[in-house]
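Asks: The following block contains a protein sequence and its predicted model.
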Amino acid sequence: MAAYILRRVLWGVVLLVLVSLLTFVVFYVLPSADPAQLRAGRNADPATLAQIRANLGLDRPLTAQYWTFLTQALLHANLGYSYFSQASVGSLLVDRLPATISLTLGAIVIWVLVAVPLGVVSAVRRGTWVDKLTTGGALLGISVPVYWLGLVALYLFASDIGKFPLLPGAGSYVPLTDDPWKWLTSLILPWLVLASTFTAVYARLLRGNMIEVLSEDYVRTARAKGLSERRVVWRHALRAAVTPLVTLAGLDVGLLLGGAVLTETVFGIPGIGRLNYDAIVHADYPVIQGTVLLAAFFVIVANIVVDVAYAYLDPRVRTA
């Protein structure tokens with residue numbers, strides 16, 4: 001098992017290097033906005049542009065720029081400095097990460113608590129009005145864009161502009177350490193909006209898996225032995241049906257920790273997604289590269305955790 005985990009970790013490092021190279025090529029090599037031009041203005045003279053490029057290190061060869069970034073990132077965990085604020089990219093990520101973690105964990109709790117019962121009930125009562133209502137709601141949840149749902153939620157329930165002012169609106173996020181109650185209330189709307197799509201997806205997938213598992217021979221055997229239907233469904237069928245969703249959940253959690261851009265932007269949450277959006281607007285390439293690498297890191301770590309969990313849960317997975 002140790003060798004298996006080591007191989008996965010080394011492969012994760014290789015993937016991070018490849019992601020950093022691809023990001024560098026997209027933003028530094030391919031035609032894109034010139035950071036020096038954005039800072040100097042439209043009518044800047046060539047001498048000013050040259051000075052800004054020198055200050056930002058953009059006058060160096062591309063290979064030298066990438067090698068410096070890669071070595072600093074891998075050996076010293078130094079992701080460079082923002083072109084826009086001159087702050088350390090690492091410090092910006094650390095400052096914004098708690099908000100993204102708060103948003104992600106809350107959404108995960110909601111979609112798990114809602115999606116699992118809905119998927120199970122819909123599969124057990126297949127073809128009934130409950131199943132049709134759940135399936136229709138899942139299709140609606142999958143189809144609705146997150147940013148549109150967020151705007152509708154603010155229009156209806158935000159305390160400042162809402163028709164039914166119940167909860168704090170955009171820009172009301174308060175860190176947990178400052179005021180736990182305000183932190184909770186400020187994230188209820190974002191949690192519900194972000195969890196809506198995932199709840200619909202997972203409920204629908206779990207329904208399909210449950211229908212397939214409930215027709216397996218071992219489930220019929222369990223019923224023939226006299227086990228209660230509740231025990232058959234929740235202890236035997238659900239355990240087998242939910243296992244394939246672990247991989248998908250690992251990817252989704254990793255992506256959300258890397259920044260829920262639309263939700264954070266709509267609700268004004270100062271997280272990684274919002275930081276990435278602002279960096280794109282200002283052509284702040286070091287910050288963009290840092291946020292992309294952070295997202296890739298979370299996805300890779302989530303996949304490693306999922307692979308190790310599968311190795312323990314399913315002995316058929318080869319770990320040698």
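Replies: Sure, I can see it.
Asks: helices or strands up against whichever strand or helix holds Arg39?
Replies: Under the criterion of DSSP states H and E, Arg39 resides in helix 35-40. Here helix 35-40 touches helix 46-56, going by 3 or more Cβ pairs under 8 Å, 6 or more residues apart in numbering; DSSP states H and E. C-beta here means a position set from N, CA and C on the backbone, and glycine is covered the same way.
Asks: For the helix it packs on, buried residues please.
Replies: Using 16 or more other Cβ atoms under 10 Å as the test for burial, helix 46-56 gives 49, 52-53, 56.
Asks: what's the closest of those residues to Leu97?
Replies: For these, the closest approach to Leu97 (Cβ to Cβ) belongs to Leu56, at 25.3 Å.
Asks: In contact with the closest one, which residues?
Replies: When contacts are counted by Cβ atoms under 8 Å, 6 or more residues apart in numbering, Leu56 touches 35-36, 83.
Asks: give me that answer again for 6 Å
Replies: Counting by Cβ atoms under 6 Å, 6 or more residues apart in numbering, Leu56 touches Tyr83.
Asks: next one: Tyr28
Replies: Contacts of Tyr28 by Cβ under 6 Å, 6+ apart: none found.
Asks: how much space between it and Pro244?
Replies: Going from Tyr28 to Pro244 by Cβ to Cβ, to the nearest Å gives 39 Å.
Asks: Same question for Ala87.
Replies: For Ala87 relative to Pro244 (Cβ to Cβ), the value is 42 Å.
Asks: swap in Val152?
Replies: 33 Å.
Asks: Low-confidence bits of the stretch 201-320 of the chain, can you list those?
Replies: 258-259, 310-320 (pLDDT under 70).
Asks: those helices in it, which residues are they?
Replies: Along the stretch 201-320 of the chain, the stretches classed as helices by DSSP state H, counting those that start in this stretch are 217-224, 229-231, 238-242, 245-257, 261-267, 272-281, 285-313.
Asks: From the chain's centre, how far out is the third one? Work that out for me.
Replies: Between the centre of helix 238-242 and the centre of its host chain there is 24 Å, according to Cα atoms, centre = their mean, to the nearest Å.
Asks: That one - contacts with which helices or strands?
Replies: helix 180-214 (3 or more Cβ pairs under 6 Å, 6 or more residues apart in numbering; DSSP states H and E).
Asks: Try it again at 10 Å.
Replies: Under the contact criterion of 3 or more Cβ pairs under 10 Å, 6 or more residues apart in numbering; DSSP states H and E, helix 238-242 touches helix 89-124, helix 180-214.
Asks: closest to Pro145 out of these?
Replies: Nearest to Pro145, of all the helices and strands packed on helix 238-242, is helix 180-214, at 8.8 Å by Cβ to Cβ.
Asks: can you state the direction angle for the closest one and helix 217-224?
Replies: 90 degrees (axes from the mean of the first three to the mean of the last three Cα atoms, to 10 degrees).
Asks: From the contact counts, what lies against helix 180-214?
Replies: Applying 3+ Cβ pairs under 10 Å, 6+ apart, we find helix 180-214 packed against helix 89-124, helix 129-143, helix 146-157, helix 217-224, helix 238-242, helix 245-257, helix 261-267.
Asks: Would you indicate which residues of the first one are buried?
Replies: Going by neighbour count (16+ other Cβ under 10 Å), the buried part of helix 89-124 is 89-90, 92-93, 96-97, 99-100, 102-104, 106-108, 110-112, 114-116, 118-124.
Asks: got it, and the fourth one?
Replies: For helix 217-224, burial by neighbour count (16+ other Cβ under 10 Å) applies to 219, 222.
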